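In: no sequence for this one, just the structure:
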């Protein structure tokens, strides 16, 4: 007989001798206590495993939510890059035309070129990438339809401008009402990168 078999047999004999000293009632209590301890251990193991599984499920949900958020951010980033490329293309296409020339063309195409009084540059600013020039623009003796047509022409074109302020005044001369338009318009252009290999 091996050492392990002998050791196990000795333990069995020891347990049987120990239980033999107790009354039947005590033996039932000891066996019940042992079963209770074993069942409690199993229950605690199951509860611990359940808590671990719940923690893992919660982690999976959090990771999935993070992945969804990253997907949304990536989609927004792609859209922003596409929009930036669109704007850059528009700016590059209009780089050969300044705002004065564009407004003169727009006034001519809407039939009000003789009433475009002035286009004067007021200020220039830049952020290192984009240059903004602010112009004061004045037109006079316009009819309402002409005013609407001119504004539609410049707003619907792809020229990179933005109307900052717009004032319309009415004048009545010899019973005829005409409109005067004064506005500040910003025109934008890309600043060409400078530098090179030195």
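Out: Thanks, I have the structure now. Quick caveat: nothing in here was measured; it's all calculated off a predicted structure. Numbers count the residues shown, from 1 in each chain.
In: quick one: average confidence on the biggest helix by length in the chain?
Out: Using DSSP state H to define each element, the chain has its longest helix at helix 24-93. Averaging pLDDT along helix 24-93 gives 84.
In: right, and the helix or strand after it?
Out: helix 99-109 (DSSP states H and E).
In: pairing partners for the longest strand along the chain, with directions?
Out: In the chain, taking DSSP state E as the definition, the longest strand is strand 176-190. Using DSSP bridges, the strands paired with strand 176-190 in its sheet are strand 130-142 (antiparallel), strand 161-173 (antiparallel).
In: ok, which of those comes nearest residue 57?
Out: Closest to residue 57 of the strands paired with strand 176-190, according to CB to CB: strand 130-142, at 49.1 Å. (Each C-beta comes from the backbone N, C-alpha and C, glycine too.)
In: quick one: the next helix or strand after that closest one to strand 130-142, angle?
Out: Going down the chain from strand 130-142, the next helix or strand is helix 144-156, by DSSP H and E. Using axes from the mean of the first three to the mean of the last three CA atoms, to 10 degrees, the inter-axis angle of helix 144-156 relative to strand 130-142 is 170 degrees.
In: can you name every helix or strand that helix 144-156 contacts?
Out: Under the contact criterion of 3 or more CB pairs under 8 Å, 6 or more residues apart in numbering; DSSP states H and E, helix 144-156 touches helix 99-109, strand 130-142, strand 161-173, strand 176-190.
In: next, count neighbours for residue 82.
Out: Residues near residue 82, counting by other CB atoms under 10 Å, number 10.
In: dig out what the closest residue in space to residue 100 that isn't next to it in sequence forms beta bridges with.
Out: Leaving aside its chain neighbours, residue 100 sits nearest to residue 119 (4.5 Å; criterion: CB to CB, 6 or more residues apart in numbering). For residue 119, the beta-bridge assignment (DSSP bridges) gives partners residue 137.
In: please consider this matter closed, and thank you.
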